[in-house]
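Engineer: sequence and predicted structure below; questions after.
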Amino acid sequence: MKLATFNANSIRARLEIITDWLQKEQPDVLCIQETKVQDKDFPIKPFTDMGYQPVIKGQKSYNGVATVSKHPLEEIRLNLYEGEEEEARFISAVISGIPVINVYVPQGLAPKTEKFDYKLRFLKDLLSHVKRNYDAGQPLLLAGDLNVALEDIDVHDPEGLRGEVGFHPEEQEILREYLAWGFVDVFRKHESGGGLYTFWDYRVPNGFKRNIGWRIDYVLATPSLAETSRRVWIDTEPRTRQKASDHTFLVAEFQSPSW
């Protein structure tokens, strides 16, 4: 069982990178964020041609999520908030008996702004949704761009970035509540070292080559599923490609017999 997450920063701009990667790695499930396309314009055929079933939730130019799976997706939910208009940031589905949540958390702009307050509310509301609908004693996966680096080793310059958006104590406190509820950060279950990132800002000159990065993409699993994880890794090769996203693929492999 292999699941990956990837912030594409435009599905159409990164389509060749994604399909090449799928062909090479053959994951069971890929959770994609920042598709930046309306549903009617999402490139479904390249995925179905490869044997993947896409579930999409998009909007024009911003946000957008897609979950593509080799297996049927059931109990699909496309909104975090019931009966409320919202940005395209959330998809959940049950895949071969395992609930999978794909999420793109707001970036937050800067502390003490309305967008930062919205980010904190979204993180809290997502956790409330998990607590209402799931049991930490049962298998559950939450994957995506959480836009929060949790520990000092998750950023290239912890002292310089401390208190900035993405590395702010209010965000980190909420994310730790996810772990207190029962989620396991499966990457950290297998990798304890620093300098391992999933995002390198375009605006930093040669940021990727200099490894000036952040670890803000996650695969979180409840304990029973996390115990079956055998490998979790960051594939940096796609970040070297022409027209690469500013993120790269985070991959988790499990021994679960369900997939």
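Structural biologist: Looks like it arrived, so ask away. Owing to the predicted nature of the structure, the values given are computational and were not obtained by experimental measurement. Numbers count the residues shown, from 1 in each chain.
Engineer: spatially central, which residue of this protein would that be?
Structural biologist: Geometric centre of the chain, nearest residue: residue 144, 1.0 Å, by CA atoms, centre = their mean.
Engineer: just the buried residues of stretch 193-211, please?
Structural biologist: Neighbour-count burial for stretch 193-211 flags 196-200, 207-208 (criterion: 16 or more other CB atoms under 10 Å). No exception for glycine: its C-beta is placed from N, CA and C like everyone else's.
Engineer: stretch 209-225 too?
Structural biologist: For stretch 209-225, burial by neighbour count (16+ other CB under 10 Å) applies to 212-222, 225.
Engineer: the helices in the protein, which residues?
Structural biologist: Applying DSSP state H to the chain gives helices spanning 15-25, 45-49, 114-133, 158-161, 169-181, 186-190, 223-226.
Engineer: now do the longest one against helix 169-181, angle only.
Structural biologist: Inter-element angle recorded for helix 114-133 and helix 169-181: 10 degrees (by axes from the mean of the first three to the mean of the last three CA atoms, to 10 degrees).
Engineer: show the average pLDDT along helix 114-133.
Structural biologist: Regarding helix 114-133, the rounded mean pLDDT is 98.
Engineer: which of the residues in it are buried?
Structural biologist: Buried residues in helix 114-133, counted by 16+ other CB under 10 Å: 116, 119-120, 122-123, 126-127, 129-130.
Engineer: thinking again about what came up before, can you lay out the helices of the chain as CSV showing distance to residue 79?
Structural biologist: Shown next, in CSV, are the helices of the chain (distance: least, CB to CB, whole Å):
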stretch, distance to residue 79
helix 15-25, 24
helix 45-49, 22
helix 114-133, 10
helix 158-161, 32
helix 169-181, 20
helix 186-190, 26
helix 223-226, 25
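Engineer: sorry, back to before: show me what the residue nearest to the centre of the chain bridges to in the sheet.
Structural biologist: Judged by DSSP bridges, the bridge partners of residue 144 are residue 103, residue 218.
Engineer: then residue 69?
Structural biologist: Here residue 69, judged by DSSP bridges, has bridge partners residue 29, residue 53.
Engineer: now for the nearest residue to residue 222 once chain neighbours are set aside: which residues touch it?
Structural biologist: Excluding the flanking residues, the one nearest residue 222 by CB to CB, 6 or more residues apart in numbering is residue 140, at 4.6 Å. If a contact means CB atoms under 8 Å, 6 or more residues apart in numbering, then residue 140 has 98-99, 101, 130, 134, 221-222, 225 as its contacts.
Engineer: ok, now with 7 Å
Structural biologist: Residues in contact with residue 140 (CB atoms under 7 Å, 6 or more residues apart in numbering) are 99, 134, 222.
Engineer: pLDDT wise, what is residue 85 at?
Structural biologist: pLDDT recorded at residue 85 is 80.
Engineer: what number of residues lie near residue 30?
Structural biologist: Using other CB atoms under 10 Å, residue 30 has 27 other residues around it.
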